[in-house]
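Peer 1: Show me the folded form of this:
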Amino acid sequence: MNLDISDTDPALAAAVLELETHASEQGWDRPATLYALVDTGALAAQEPELAALMGLDDASAAGSMTPVEQEQITRPLEEVLPSITWPGEVVGCAAVVERLVLPPGIDDDIPEEPSAAEEFARNHPDRQEVRMVVGVTRAGASYCALRLRAHDEPESVVAGDDLVPQLVELLRGTLEDDPEVEPQ
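Peer 2: Below you'll find the model as predicted:
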C-alpha cells in the first residue's frame, strides 16, 4: 500500500483503510455507500452491549472512529451530499464510490450531455475503473484511499490526505452547521 500519512489524523486514516478493505471484500460494481463516523469511545459508552459484541474495551475504543453504514443511496452521490447534514455526535463521514477515470488530454473529446459523456467514458479504450474511499472530520482532516480495478491488490492501494479534492469538499459540506437552523 502506498500511504502518505505525514499530517494525517490516525483515527480517520484507520477508518478509511478499514472501509477500503471492507469494500474490497465486497467486490466491484457496487453502489456508492455513505458512512457516518462516530467516536468509538462515545459509542461504547452509549451502547455497552454493542461494544461487548464488537470486543471493545476502553483502551481499544479510545482515539478511534467507527463507521456506521447509512441507507443505500439511490441517486448520484454528488446530488445527494449537498442535502445531507449530520448531527453533532457524528465526528466525520466517509463515502465509497466507484468511477471511470479517463486519461489526461481528452477533455475536449468528452460530450457535454451527461448520458453521452457517460457512454463515452464507459466505451473509451483507455478508461480505468477506480474505487475511491474518502473520509473527512469536523476538525478538517481528510483521508482518501484509491484502488484501480486493473491493479486490484492491497499493495496497490494509494492513500493520502487530499487525493479526491472535489469529493473531500462535498463531504466537508455535510459536516458544516446550517446557518439557517437555530441551535436548540
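Peer 1: Please pull out the lowest mean pLDDT helix or strand from the chain.
Peer 2: Confidence across the helices and strands of the chain bottoms out at strand 2-3, with a mean of 50, counting by mean pLDDT, DSSP states H and E.
Peer 1: Next, the buried residues of the helix or strand that comes right after that one.
Peer 2: Sequence-wise, the next helix or strand beyond strand 2-3 is helix 10-26, with elements assigned using DSSP states H and E. Neighbour-count burial for helix 10-26, with 16 or more other C-beta atoms under 10 Å as criterion, is recorded at 11-20, 23-24. Yep, even glycine has a C-beta here, placed from its N, CA and C like the rest.
Peer 1: Check stretch 70-80 too.
Peer 2: Here stretch 70-80 shows 73, 77, 80 as buried, counting by 16+ other C-beta under 10 Å.
Peer 1: what number of residues lie near residue 99?
Peer 2: Residues near residue 99, counting by other C-beta atoms under 10 Å, number 16.
Peer 1: List the backbone torsions phi and psi for the nearest residue to residue 172 once chain neighbours are set aside.
Peer 2: Leaving out its chain neighbours, the residue that sits closest to residue 172 by C-beta to C-beta, 6 or more residues apart in numbering is residue 136, at 5.1 Å. Summarising the backbone geometry of residue 136 under the convention degrees, to the nearest 10, its torsions are phi -140, psi 160.
Peer 1: Distance of residue 136 relative to residue 50?
Peer 2: Between residue 136 and residue 50 the distance, using C-beta to C-beta, to the nearest Å, works out to 24 Å.
Peer 1: Just want to know which of these two has more residues nearby.
Peer 2: Neighbours were tallied for residue 136 and for residue 50 using other C-beta under 10 Å; the higher tally belongs to residue 136 (27 against 12).
Peer 1: Test my guess that that one contacts residue 171.
Peer 2: Yes. With contacts defined as C-beta atoms under 8 Å, residue 136 counts as touching residue 171 at a distance of 4.5 Å.
Peer 1: which neighbours do those two share?
Peer 2: Between them, residue 136 and residue 171 share these contacting residues under C-beta atoms under 8 Å, 6 or more residues apart in numbering: 93-94, 142.
Peer 1: how about low-confidence regions in the chain?
Peer 2: Along the chain, the parts satisfying pLDDT under 70 run over 1-7, 56-62, 177-184.
Peer 1: Can you show me the helices along it?
Peer 2: 10-26, 40-46, 48-54, 58-61, 77-80, 114-123, 165-175 (DSSP state H).
Peer 1: Which of those helices sits closest to residue 159?
Peer 2: Proximity to residue 159, assessed across these by C-beta to C-beta, is greatest for helix 10-26 (6.9 Å).
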